[in-house]
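Trainee: Any chance you could fold what I've pasted below:
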Amino acid sequence: MDDQPIRPAATIIIVRPAAPQYEILMLKRTQSAVFAGGMYVFPGGKIDSSDYDSRLQKYLSPLAPEQRLQQQALGDDWQACWVAGIRESFEEAGILLAYDKRGAMVDTFNTDLLSARDRIHQGQIDMLTFCERHELTLALDQVHYFNRWVTPPGRPRRFDTRFFIAQAPAKQDHQHDGGETTDSLWISPQQALSDNKQDRFGMMRVTIKQLETLNAYPSVEALLTMIKGQKTFEHYQPSLPKS
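Mentor: Residues are numbered from 1 along each chain as shown. Reported below is the predicted structural model:
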């Protein structure tokens, strides 16, 4: 399996305030999935060719000043990475990180938006068409690049994944897709790690490592302060443990 192609991917770790720490949105992959079957994961997936479409730039929010280093770290693929992360969060979790035509964060979904989610998921429309039809601007300024992980050789699927962090829109509620994902919940990093150690919350190694890092922060505010001030972006290329 060492010759498996490495597919570019993007994932958004979606967080919200909660006591006593904060919570992260996690989805359970269907048991039959080739990759991470039955595991709890963050919303994400592979980058599509349409995510690179230069016409999308009209529908992207300006980056915040502190995101210029994030953009540089992402390199030439910066647009596709951000767009794919936002698209996958909408497809898989029903969280849409976008502004409406008034410039306000989208907070409720009408029937048209719910239908569009299904059509995007099925590949019937791309993000350019979606933004044009619904007069949306993707909220890149709310989505911060965190780090990059490459799946080790030997796995059935390999990804080069850029991880982002974003706070969930206050009035939106998540909804797993019922296909690729069969359950979803908000859980604190501390609780997820504790449940994993007791074999009650299956996760991949990369997910555990991310949560171990995030567990050091007591609140959403502390986490976002860290990510906005980040000057370097780790690039992890782990190998499988030798048996």
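Trainee: rest of the way, CA atoms for contacts and neighbours
Mentor: Fine.
Trainee: so where is the chain shaky, pLDDT-wise?
Mentor: Where the chain drops to pLDDT under 70, the residues are 1-3, 32-37, 240-243.
Trainee: report the longest strand in it, please.
Mentor: Of all the elements of type strand in the chain, the one with the most residues (DSSP state E) is strand 6-17.
Trainee: and that strand, what does it pack onto?
Mentor: Taking 3 or more Cα pairs under 8 Å, 6 or more residues apart in numbering; DSSP states H and E as contact, the helices and strands that strand 6-17 lies on are strand 22-29, strand 44-46, helix 78-88, strand 158-167, helix 220-229.
Trainee: Centre of the chain to that strand, how far?
Mentor: Strand 6-17 has its C-alpha centroid displaced from the chain centroid by 2 Å (Cα atoms, centre = their mean, to the nearest Å).
Trainee: Starting from that strand, tell me which strands it pairs with and how they run.
Mentor: Using DSSP bridges, the strands paired with strand 6-17 in its sheet are strand 22-29 (antiparallel), strand 44-46 (antiparallel), strand 158-167 (parallel).
Trainee: Show the residue spans covered by the strands in the chain.
Mentor: So, for the chain - with DSSP E - the strands run 6-17, 22-29, 40-41, 44-46, 98-99, 137-138, 143-150, 158-167, 181-187, 235-236.
Trainee: Redo those as CSV? Include distance to Lys197.
Mentor: Compiled in CSV, those are given as follows (distance: least, Cα to Cα, whole Å):
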stretch, distance to Lys197
strand 6-17, 21
strand 22-29, 17
strand 40-41, 14
strand 44-46, 24
strand 98-99, 36
strand 137-138, 37
strand 143-150, 22
strand 158-167, 23
strand 181-187, 15
strand 235-236, 23
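Trainee: between the ones you listed, which one is nearest to Asp112?
Mentor: Closest of the strands of the chain to Asp112 is strand 98-99, at 15.2 Å (criterion: Cα to Cα).
Trainee: what residues does that closest one touch?
Mentor: Contact partners of strand 98-99, identified using Cα atoms under 8 Å, 6 or more residues apart in numbering, comprise 105-106, 136-139.
Trainee: I'd assumed His174 was in contact with Gly94.
Mentor: Yes: between Gly94 and His174 a contact is recorded at 5.2 Å, counting by Cα atoms under 8 Å.
Trainee: about what we covered before: how about CSV for the helices and strands packed on strand 6-17, with distance to Ala64 and mean neighbour count added?
Mentor: Rendered in CSV, the data for the helices and strands packed on strand 6-17 read as follows (distance: least, Cα to Cα, whole Å; neighbours: other Cα atoms under 10 Å):
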stretch, distance to Ala64, mean neighbour count
strand 22-29, 23, 24
strand 44-46, 23, 21
helix 78-88, 14, 26
strand 158-167, 13, 22
helix 220-229, 9, 16
